[in-house]
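Q: predicted model and sequence below, questions to follow.
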Amino acid sequence: MKKRDAHKITLPRVILRGDGVIDKVGEVCQSLELGKNAIVVTGPTTRKVAGDRVASLLKSSGFASQIVISKGANEENVEAAKKGDADFIVGVGGGSVNDVAKLAASDKNVPFVSVPTSAANDGIASSRSSIKRAGSKTSIEAETPIAVIADIEILSKSPHRYFAAGCGDVISNYTSVLDWKLAHKEKGEYYGVYAGELAWMSSNSILSNVELMASDRIEGTKLLIEALISSGVSMGIAGSTRPASGSEHMFSHALEVVAPKPALHGEQCGVGTIMMAFLHQADWEGIKNALERLKAPTTAKELGIEPEHLIKALTVAHNIRPGRYTILRDGLSAEKAEHVARKTGVI
């Protein structure tokens, strides 16, 4: 049995979830004694949604704040976010904005505050940033948010596509945990029982409440944001992305390399989970039915990706993280990949 080196568990100190909690951003930053100078990283659209508001609230609370506009999760925007004096960095936006703000905070060795404006992925509370380097996305260890301020009033008004993508990202923990257990069984890899169960519970909370999620956007958003935060926390406890990133994520990252126009991360992970559950001989049909009820993509056509690109992604996915043992093991042949995609109705 392989031994696991000691690892650091990093978790948010404050999590606020509810209507209007964005108004407490200044109060939270004061209570955490983060300093006086803040950089607010936001996007062109999310600046109007909440970025300007957060900057104004911080100033009203006695902080000096400057706004940095990020237009994508890449190194150029990370460098822009690092310029200027900052005692802490606040990310106000979706996944790419928070990825940039999180990594900039890590590079500057200052605290990071997460203020999501959409619930599209579990990066809200995790210590990982997905940044584009050399034409492909790379997962990088970054700063765990010291605080997460999730305003349901704002989050519930984001486009349904982001809500569905968030559901897909959380549901994908289903196969991530199966992959982790497989690596533990066949390779003696460390498996964190608590982190694994927490990630599994996050997935199951969506799968067990599909009707609520589909019929009540506000209550569904509350449940989703809790599941996303829980998923991020599971990675903090594990000291790695293992609980929430397995073969389905490798498939998604492969699509970002081979497909001319990839879909949203959570959308691709949801479709990947269907196929990886099939390979695990698990309940792939239940997962597909849940995603369909949530109006999330379940086929290549709904992702806007040609079948040949999807099959190609399946054949190269195992190369995305060579050291990560999953159900893909040594990879799928083109014939096997097509078989999986057709049997599950993905193509």
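A: Sure thing, it's come through.

Q: next one: phi and psi at the residue nearest to Asn98 when sequence neighbours are not counted?
A: Spatial nearest neighbour of Asn98, excluding adjacent residues (CB to CB, 6 or more residues apart in numbering): Gly91 at 4.1 Å. Yep, even glycine has a C-beta here, placed from its N, CA and C like the rest. The phi and psi values for Gly91, taken as degrees, to the nearest 10, are phi -100, psi 120.

Q: contact partners for Gly91?
A: By CB atoms under 8 Å, 6 or more residues apart in numbering, the contact set of Gly91 is Val41, Thr42, Val97, Asn98, Val100, Ala101, Lys102, Phe112, Val113, Ser114, Val115.

Q: same question for Ala244.
A: Contacts for Ala244 were tallied using CB under 8 Å, 6+ apart; they are Asp122, Ser126, Ser172, Asn173, Ser176, Ala199, Ser202, Ser231, Gly232, Ser234, Met235.

Q: give me that answer again for 7 Å
A: Shown in contact with Ala244 (CB atoms under 7 Å, 6 or more residues apart in numbering): Asp122, Asn173, Ser176, Ala199, Ser231, Ser234, Met235.

Q: save the contacts of Gly91 as a markdown table, and put in neighbour count, pLDDT and distance to His249 too.
A: Listed next are the contacts of Gly91 as a markdown table, based on neighbours: other CB atoms under 10 Å; pLDDT from 0 to 100; distance: CB to CB, whole Å:
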| residue | neighbour count | pLDDT | distance to His249 |
| --- | --- | --- | --- |
| Val41 | 33 | 97 | 24 |
| Thr42 | 30 | 97 | 26 |
| Val97 | 32 | 94 | 20 |
| Asn98 | 34 | 93 | 17 |
| Val100 | 33 | 94 | 20 |
| Ala101 | 32 | 95 | 21 |
| Lys102 | 30 | 94 | 18 |
| Phe112 | 27 | 96 | 22 |
| Val113 | 28 | 97 | 26 |
| Ser114 | 29 | 96 | 20 |
| Val115 | 32 | 97 | 25 |
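
Q: among the residues you listed, which lie within strands?
A: With DSSP state E as the criterion, strands contain Val41, Thr42, Phe112, Val113, Ser114, Val115 from among the contacts of Gly91.

Q: could you identify the most distant pair in these?
A: Thr42 and Phe112 (13.7 Å; CB to CB).

Q: closest one of the contacts of Gly91 to Leu182?
A: Among the contacts of Gly91, Lys102 lies closest to Leu182 (CB to CB), at 29.4 Å.

Q: so how far is stretch 110-127 from its chain's centroid?
A: 9 Å (CA atoms, centre = their mean, to the nearest Å).

Q: what's the answer for stretch 162-171, then?
A: Chain-centre distance of stretch 162-171: 9 Å, with CA atoms, centre = their mean.

Q: list the contacts of it.
A: The contact list for stretch 162-171 (CB under 7 Å, 6+ apart) reads 94, 118-122, 202-203, 206-207, 213, 221, 224, 227-228, 231, 264-267, 269-270, 273, 287, 290-291, 294-296.

Q: leaving out chain neighbours, which residue sits closest to Val110?
A: Per CB to CB, 6+ apart, closest to Val110 is Phe88, 5.2 Å.

Q: please read the previous query as pertaining to Asp330.
A: Asp330 sits nearest to His318 (CB to CB, 6+ apart), 6.5 Å away.

Q: report the contact partners of the one you found.
A: Going by CB under 7 Å, 6+ apart, His318 touches Met250, Leu328, Arg329, Asp330, Gly331.

Q: Tyr194 now?
A: Residues near Tyr194 by CB under 7 Å, 6+ apart: Ile237.

Q: same check on Leu11?
A: Going by CB under 7 Å, 6+ apart, Leu11 touches Thr144, Val233, Gly236.

Q: what distance do you get for the last one to Pro12?
A: When you say that, I think you mean Gly236. Distance, Gly236 to Pro12, using CB to CB, to the nearest Å: 8 Å.

Q: overlap in contacts, the two.
A: Joint contacts of Gly236 and Pro12 (CB under 7 Å, 6+ apart) are Thr144.

Q: number of residues surrounding Lys295?
A: A count of neighbours around Lys295, defined by other CB atoms under 10 Å, yields 14.

Q: show me where the stretch 51-200 of the chain has strands.
A: 64-69, 88-93, 112-116, 128-133, 136-141, 147-151 (DSSP state E, counting those that start in this stretch).

Q: among those, which comes closest to Asp23?
A: Checking the strands of the stretch 51-200 of the chain against Asp23 by CB to CB gives strand 147-151 as the closest, at 8.4 Å.

Q: can you tell me what sits against that closest one?
A: Residues outside strand 147-151 that contact it (CB under 7 Å, 6+ apart) are 12-17, 19-22, 24-25, 28, 32, 113-116, 124-125, 225, 229.

Q: just the buried subset of the contacts of Leu11, please.
A: Among the contacts of Leu11, those classed as buried by 16 or more other CB atoms under 10 Å are Thr144, Val233, Gly236.
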